[in-house]
Every structure is written in C-alpha cells, then in structure tokens.
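Novice: No letters, just coordinates:
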C-alpha cells in the first residue's frame, strides 16, 4: 500500500500523511520506507524495484533474428573474396553512412550560420575522412 492510498482511504489524517511523505522523500533505501508503512493494513512489505536492464546489441539481434555484428564481418569477408553482391552491399552501406554524415554536418553548418569565423565549410573534413576508405574499397574491388 502507498501513503497516498492510505490517506485516500482515511487510514492517515492530513498531518500524519504530510509527516510520512516528508520522511519518505528523504529515504535513501527501500528499507527506510518499511517503518512508514508497517502500521497500515497490507503495508508491511515494501516492494523492491525491478532490476534495470539495458538491452545490448546482441539481445537486439536475438529479437530481430540476426546477429548484426557477425553478419557484418561475414559480409566484409565475402566482399574481400570477390563476391560482387557482398561488395555492392558493403559499398552501399558505406556510401549511406557517408551521405548521412555529410547531410548532418552540413545541416549543422547551415544552422550555425555557415560556420562564421570557424574556418569556412568545415563539414568537408568528416566527408573526406569517411570518403577516403570508401573510395579505397571501391578501387580495391574494381567497381565500374
């Protein structure tokens, strides 16, 4: 039972409710709350919070039915062995990433007033940084 429920049911008057909520607001552990509820009907047990779980990439892959990381490595291996379909897919993924970074950085550059006195069109640097490996991969796989 919660203090607000006990107050609504008339089990606590306004002063007692205010006093207990003030104590509850300074509680550091769930054990500190137990005495506040002990004399209320059904209030002996303080529920423990559920453990927090942050899903990892592998649990996401389990839900979607694919292990993205292993699939990526396998795709790159096949591309290096000459599989044209794998080469095309890796190149499209790299090109998509390049376009996304170019779009976001250019949008930031535009939104901040064309870079002002900060060196002109600075988005060119991440574009070049991501573009060099992209061009190198395409040259290595002899894209026509």
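Specialist: Ah, there it is. These figures come from a predicted structure and were not determined experimentally. Numbers count the residues shown, from 1 in each chain.
Novice: which outside residues touch stretch 128-139?
Specialist: With contact meaning C-beta atoms under 8 Å, 6 or more residues apart in numbering, stretch 128-139 is reached by 90-91, 94-95, 97-98, 101. (Each C-beta comes from the backbone N, C-alpha and C, glycine too.)
Novice: Got the domain ranges for the chain?
Specialist: Following automatic domain parsing, the chain resolves into domains at 1-52, 65-140.
Novice: starting at the chain centroid, how far to the shortest one?
Specialist: To tie it back to what came earlier, the one meant is domain 1-52. Relative to its parent chain, domain 1-52 has a centroid offset of 34 Å by C-alpha atoms, centre = their mean, to the nearest Å.
Novice: likewise stretch 76-86?
Specialist: Distance, centroid of stretch 76-86 to centroid of chain: 31 Å (C-alpha atoms, centre = their mean).
Novice: Start and end of that stretch, how far apart?
Specialist: The first residue of stretch 76-86 is 7 Å away from its last residue (C-alpha to C-alpha, to the nearest Å).
Novice: Other residues contacting the helix or strand harbouring residue 7?
Specialist: Counting by DSSP states H and E, the element that carries residue 7 is helix 3-8. Helix 3-8 is contacted by residues 12, 14, 17, 20-21, 24, 36-37, 40, 43 when judged by C-beta under 8 Å, 6+ apart.
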